[in-house]
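Asker: Could you look at this predicted model? Sequence included:
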Amino acid sequence: MNLFEKIFNYQILAKLEDSGTFMVTAHERSWLKTMLEHAAAAEAFAPETLQKLQLMLEQDLSLDTGALLHKAASKEKYVYHPNVRPLRQAVTNKSMLRLSYTVKNERTHSEQECFPYKLEYSMVKRDWYLLWYHVKNRMLMSTKLDMIITIDEQSCEVEYYGQLRAKVHALQEKRSASADIRVMPEYNGELSRILYAYSCFEKEVNYDADTNEYTIRLFFSGSDSEYVLSKTRFLGKRVNIMNGKQLRSRMLESATKALGRYGE
């Protein structure tokens with residue numbers, strides 16, 4: 001492709017992007033059609049949305065997956081949890097919930113006034129969680145979707161919603177933590193691998209051209225500190241924790257113990 005073709009294609013793509021249109025390749029359409037044939041698609045999409053997508057892809061061929069073999073995979077309980085769609089809709093609608101759920105000791109809590117603010121998928125536990133604010137107990141909660149018994153969506157006044165959102169934000173600020181992770185310049189070529197290791201955390205990436213260094217700022221809750229450390233240990237000498245007294249102290253402690261056990 002010559003320079004003029006590249007400029008022309010870029011102009012077309014820029015105009016499509018400005019109009020809210022995006023291009024889809026034949027391979028992407030085939031992949032989507034194959035995914036829609038999965039039994040979980042009926043739970044992931046509303047019936048009218050699923051029917052519309054199937055009609056749009058009627059002339060496309062499905063991917064040939066006969067030659068693919070997935071070995072030594074852990075058994076998945078589900079691909080898409082049926083409670084995801086109604087809960088996501090409640091969060092989008094800025095609604096309240098009356099939630100009934102069980103806890104680990106099999107005790108049931110019924111009709112709890114719930115302010116849902118986020119759905120989260122744990123890559124470690126391979127489970128969906130609802131993050132919500134318990135109005136009566138005034139505390140942040142995290143409930144596995146498998147533990148939810150009933151969901152009753154209720155409307156919420158705009159002013160009251162704003163008050164609850166502010167309370168949630170204040171509690172999150174108290175629990176939040178951050179850390180700056182420096183990527184050693186000789187491992188800049190492995191940046192994608194390093195970012196993948198931290199993929200479950202919110203982050204910002206900055207590049208300093210003068211020193212040729214990438215810095216990753218991670219945002220996480222205080223309870224996830226040990227998990228951040230385990231990911232950092234996995235990356236070894238590729239990264240360095242620049243700040244965070246507690247994180248650096250725990251990393252030094254674990255490194256000292258390892259050297260005491262294995263060092264000569």
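Answerer: Arrived safely, thanks for sending. For clarity, every value in this text was computed on a predicted model and none was experimentally measured.

Asker: what about the chain, any weak spots by pLDDT?
Answerer: For the chain, applying pLDDT under 70 flags the ranges 1-22, 69, 72-78, 123-124, 263-264.

Asker: And the helices in it?
Answerer: For the chain, applying DSSP state H gives helices covering 3-18, 26-36, 41-44, 47-56, 84-92, 158-175, 191-197, 225-235, 245-262.

Asker: any idea of the angle the second one forms with helix 47-56?
Answerer: Between the axis of helix 26-36 and that of helix 47-56 there is an angle of 140 degrees, by axes from the mean of the first three to the mean of the last three Cα atoms, to 10 degrees.

Asker: Can you lay out the helices of the chain as CSV showing distance to Leu218 and mean neighbour count?
Answerer: (C-beta placed from N, C-alpha, C; glycine too.) Formatted as CSV, the helices of the chain follow (distance: least, Cβ to Cβ, whole Å; neighbours: other Cβ atoms under 10 Å):
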stretch, distance to Leu218, mean neighbour count
helix 3-18, 30, 10
helix 26-36, 31, 15
helix 41-44, 30, 16
helix 47-56, 35, 12
helix 84-92, 24, 15
helix 158-175, 15, 12
helix 191-197, 11, 14
helix 225-235, 6, 16
helix 245-262, 10, 12
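
Asker: May I see those helices organised as a markdown table, with distance to Arg107 added?
Answerer: Conversion of the helices of the chain to a markdown table gives the following (distance: least, Cβ to Cβ, whole Å):
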| stretch | distance to Arg107 |
| --- | --- |
| helix 3-18 | 52 |
| helix 26-36 | 38 |
| helix 41-44 | 28 |
| helix 47-56 | 36 |
| helix 84-92 | 22 |
| helix 158-175 | 24 |
| helix 191-197 | 37 |
| helix 225-235 | 28 |
| helix 245-262 | 34 |
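
Asker: out of the ones you listed, which comes closest to Met141?
Answerer: The closest of these to Met141 is helix 158-175. By Cβ to Cβ, the value is 10.7 Å.

Asker: The longest strand seen in the chain: partners in the sheet, and parallel or antiparallel?
Answerer: Assignment by DSSP state E gives strand 108-122 as the longest strand of the chain. Note on strand 108-122: by DSSP bridges, its sheet partners are strand 96-102 (antiparallel), strand 127-134 (antiparallel).

Asker: Ok, which of those comes nearest Arg233?
Answerer: strand 127-134 (24.1 Å).

Asker: mind checking how far the closest one is from the chain centre?
Answerer: Distance, stretch centre to chain centre, for strand 127-134: 13 Å (Cα atoms, centre = their mean, to the nearest Å).

Asker: what do you get for stretch 117-133?
Answerer: In this view, stretch 117-133 has its centroid 8 Å away from the chain centroid, taken as Cα atoms, centre = their mean.

Asker: Need the contact partners of it.
Answerer: Outside stretch 117-133, the residues that touch it by Cβ atoms under 8 Å, 6 or more residues apart in numbering are 74, 76-77, 81, 83-84, 87-88, 91, 97, 99, 114-116, 139-146, 148, 164-165, 167-168, 171, 199-200, 227.

Asker: With that, I have no additional questions.
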